[in-house]
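# Dropping a prediction and its sequence here:
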Amino acid sequence: MKKLKQERFFEKLKEKKVSLVLYETMLHYYKTKDVSLLPQKLQDKTHIVIKFIEQCDELFLQKKKIPPAELMGSNYKENIELYINTFPSGKLPNGKYARSNSRNIEQSFVWFFSNYNYSWSTILKATHLYVEEFRRNNYLYMRTANFFVKKVEQDKSIICDLADYCERVANKQDYIEQPNFKARVI
């Protein structure tokens, strides 16, 4: 069950040992900047009072939604199309289409850019590396374009293979093709 913002607020008051009356006094000081309103022990620590009030206020504020163009760059739609077109156009051996709807992928990339700091150049190189590795094995066990960015498991954990491949590209750890031979044991 989701924790209510009010619960977080009261936990913070309890943690810092601030009564509701003291909080109200601190809030009044915050609005008026009249130090005489504060108890004597806090009058020299007004910066702590201000910080505490602002932290409590943040508990009730909604996080600002960053526009996609600001988060992913102004040409994000073109980059998403390049990303999608890196995947094969047909079905994978599991029966699902490799490419996904651009709107769904856009939502996954909003999540990705909110959690990771990779450039589109790195993302596209990582995607190409991923697709090439699976192409050699006829795309067996390859994720769809959308699930490569973000896959939510049943236990609500999130798998992001794209971040792993971006890290490989950033560290210049390209795929090294293993020799394809069989040893006969006699």
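Yep, it's here. Numbering: from 1, shown residues only.
# Give the helix, strand or coil label for His28.
helix (DSSP: H, G, I helix; E, B strand; the rest coil).
# and it, what is it in contact with?
Asp34, Leu37 (CB atoms under 8 Å, 6 or more residues apart in numbering). Placement of C-beta: from N, CA and C, glycine included.
# which ones are touching the residue positioned nearest the centre of the chain?
Centroid-nearest residue in the chain: Asn115, 2.6 Å away (criterion: CA atoms, centre = their mean). Neighbouring residues of Asn115 by CB under 8 Å, 6+ apart: Cys160, Ala163.
# From Asp164, how far out is it?
13 Å (CB to CB, to the nearest Å).
# now Ser119
For Ser119 relative to Asp164 (CB to CB), the value is 16 Å.
# repeat for Ser74
Shown here: Ser74 relative to Asp164, a distance of 27 Å by CB to CB.
# same thing with Gln43?
Counting by CB to CB - Gln43 and Asp164 are separated by 53 Å.
# go on, Asn75?
Separation of Asn75 from Asp164 (CB to CB): 25 Å.
# next one: Tyr141
15 Å.
# Please apply the same query to Lys172.
15 Å.
# got it, and Lys51?
Computed as CB to CB, the Lys51 to Asp164 distance reads 38 Å.
# same thing with Lys96?
21 Å.
# So for those two, which sits in the more crowded spot?
For Lys96 and Asp164, the more surrounded residue by other CB atoms under 10 Å is Lys96, and the numbers stand at 14 against 11.
# quick one: contacts for the more buried one?
For Lys96, the contact set (CB under 8 Å, 6+ apart) comprises Thr144.
# Now do it against Ile80, distance only.
In terms of CB to CB, Lys96 sits 19 Å off from Ile80.
# Look at Tyr76 and say how many residues are nearby.
19.
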